[in-house]
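> Sequence and computational prediction follow.
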Amino acid sequence: MQLLTLPPSPALATSIRATAQVFEDPKSRALLAHLQQIAPSEASVLIIGETGTGKELVARHIHNLSARQNRPFIAVNCGAFSESLVEAELFGHEKGAFTGALSAKAGWFEEANGGTLFLDEIGDLPMPIQVKLLRVLQEREVVRLGSRKSIPIDVRVLAATNVQLEKAINAGHFREDLFYRLDVVSLELSPLRERPGDILPLTQHFIQSYSQRLGYGQIQLTADAERRLKAYGWPGNIRELENVIHHTLLICRDGIIQAQDLRMSNMRIERHDDNSASDNSAQALLDRAFQKLFEEQAGALHEQVEDSLLRAAYRFSHYNQVHTANLLGLSRNVTRTRLIKIGELAVNKRRPAQPVQGDRMLHLSI
């Protein structure tokens, strides 16, 4: 396993995901090889990928492999500022340039002079700012807001987006000339679901990192937990995996992570790897059976489960509608309507009504 360790920026000093990245899957290894080729150049790079795929980390790696590695690396989220502030943040401003500008301030381009400026979510830049950014990239100089003086800069620009800029160009939301200025080199980061070989190595990395941070001892993953991690689709990518592992470490017992400890936002099985396809264990068979049922008739299955539970509760209550309603936490009218629908009221005289022992209550949304 190749583990890349990078120094975090002050803004991300407490974030574990800013300090390491695993390149184990074949797609990740190919990306790493490409990074090593293009990093030493001065070319602008456009990094494309879903949220949480590690775009800033890749940008940091490019910076650290370049001749600028000992110079500043500045990361700016273009979507974090209002349209009225983003110009001043990027290019700086003079005293009195706008209300609240009590003193002159250098922008991010000046702060990154000699180093690398990473513009995250570049697609969120307003069109007027795109025009000014294009001029800065062409002329290699900035003019602070409220000033007429040009300030020379030497900055390598790396940009990132989670949207298809070509579509934004067609829709009139992004300048085509700016796109080509940024897209000298294009890197597309695959989502985590498309590089399954990284899932378990990343999991182990986050387990180790958070265990040290929380003061825990050695943590182990069960085989079922590993299968669940590999089967999940990870719509939130690496960021979601990190959060899941952090939460899991807080609730697991005896230093062992069980499958049921993993709390993902959507627990349906997204895929099976080669090993799981031939796994005939009870857990694997049930996983595949439920996956097929959910794909083919998820709604029908849900209704059948509800109907079966209602019938069981009705019979357990000795065919008493009030007791059935209380047992399930439903109103009597809802219970009666559903019993009529499933045809159970036709058999409600088989046994005399008897009180239900105990005060246990189930809650069912029907």
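Done, it's in.

> Buried residues in stretch 243-254, which are they?
Asn243, Val244, Ile245, His246, Thr248, Leu249, Cys252 (16 or more other Cβ atoms under 10 Å). Where you see a C-beta, it was placed from the backbone N, CA and C, and this is true even at glycine.

> Go through those residues and flag which are in helices.
Asn243, Val244, Ile245, His246, Thr248, Leu249 (DSSP state H).

> pretty sure the fifth one is touching Asp261, no?
Yes: applying Cβ atoms under 8 Å as the test, Thr248 and Asp261 come out as touching, 5.0 Å apart.

> Send me the one helix or strand Glu89 maps to as PDB with only the CA atoms.
Assigned by DSSP states H and E, Glu89 falls within helix 83-91. Output in PDB follows, covering the C-alpha atoms of helix 83-91 (Å, rounded to 0.1, in the frame of the first residue of the first chain):
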ATOM      1  CA  GLU A  83     -20.400  38.100  -5.200                       C
ATOM      2  CA  SER A  84     -19.700  41.500  -3.500                       C
ATOM      3  CA  LEU A  85     -16.800  40.100  -1.500                       C
ATOM      4  CA  VAL A  86     -15.200  37.600  -3.800                       C
ATOM      5  CA  GLU A  87     -13.300  40.200  -5.900                       C
ATOM      6  CA  ALA A  88     -11.800  41.800  -2.800                       C
ATOM      7  CA  GLU A  89     -10.900  38.400  -1.400                       C
ATOM      8  CA  LEU A  90      -9.100  37.200  -4.600                       C
ATOM      9  CA  PHE A  91      -7.500  40.400  -5.700                       C
END
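
> Output the contacting helices and strands for the helix or strand following that helix.
Note on helix 83-91: by DSSP H and E, the next helix or strand toward the C-terminus is helix 108-111. In terms of contacts (3 or more Cβ pairs under 8 Å, 6 or more residues apart in numbering; DSSP states H and E), helix 108-111 is packed against strand 73-77, helix 83-91.

> who touches the nearest residue to Pro152 once chain neighbours are set aside in this structure?
Once flanking residues are discounted, Pro152 sits nearest to Glu141: 5.1 Å by Cβ to Cβ, 6 or more residues apart in numbering. Neighbouring residues of Glu141 by Cβ atoms under 8 Å, 6 or more residues apart in numbering: Ser150, Ile151, Pro152, Ile153.

> Show me the residues you listed that map onto strands.
Ser150, Ile151, Pro152 (DSSP state E).

> What about Glu50? Give its phi and psi, please.
phi -60, psi 160 (degrees, to the nearest 10).

> burial of it, as a residue count?
Residues near Glu50, counting by other Cβ atoms under 10 Å, number 19.

> need the contact list for it.
So Glu50 contacts Asn162, Leu189, Pro191, Asn237 (Cβ under 8 Å, 6+ apart).

> so which helix or strand takes in Ala160?
Going by DSSP H and E, Ala160 is part of strand 156-161.

> Quickly run through the sheet partners of that strand, with directions.
Partners of strand 156-161 in the sheet, by DSSP bridges, are strand 45-48 (parallel), strand 116-120 (parallel).

> Would you mind putting those strands into TSV with distance to Phe179 and mean neighbour count alongside?
Putting the strands paired with strand 156-161 into TSV (distance: least, Cβ to Cβ, whole Å; neighbours: other Cβ atoms under 10 Å) gives the following:
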stretch	distance to Phe179	mean neighbour count
strand 45-48	8	22
strand 116-120	13	24
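
> Quick one: closest of those to Ala225.
Closest to Ala225 of those is strand 45-48 (Cβ to Cβ; 31.8 Å).

> got the contact list for that closest one?
So strand 45-48 is contacted by 38, 55, 58-59, 62, 122, 158-162, 164-165, 179, 182-189 (Cβ under 8 Å, 6+ apart).

> Now list the buried members of those residues.
Buried among these (16+ other Cβ under 10 Å): 38, 55, 58-59, 62, 122, 158-162, 165, 179, 182-183, 185, 187, 189.

> Can you list which of these are found in helices?
Ile38, Lys55, Val58, Ala59, Ile62, Leu165, Phe179, Leu182.

> Least confident secondary structure element in this protein?
Least confident helix or strand of the chain, by mean pLDDT, DSSP states H and E, is strand 2-5 with a mean of 39.

> And the residue nearest the centre of the chain, how far from Leu182?
Nearest residue to the geometric centre of the chain (Cα atoms, centre = their mean): Gly236, 2.2 Å. Separation of Gly236 from Leu182 (Cβ to Cβ, to the nearest Å): 26 Å.

> Repeat that for Glu89.
From Glu89 to Leu182 the distance is 18 Å (Cβ to Cβ).

> now do Arg135
14 Å.

> ditto for Asn113
19 Å.

> Now tabulate the ones in helices among the buried residues of stretch 243-254 in CSV and tack on pLDDT and distance to Asn70.
Listed next are those as CSV, based on pLDDT from 0 to 100; distance: Cβ to Cβ, whole Å:
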residue, pLDDT, distance to Asn70
Asn243, 94, 33
Val244, 95, 36
Ile245, 95, 33
His246, 94, 33
Thr248, 94, 38
Leu249, 93, 36
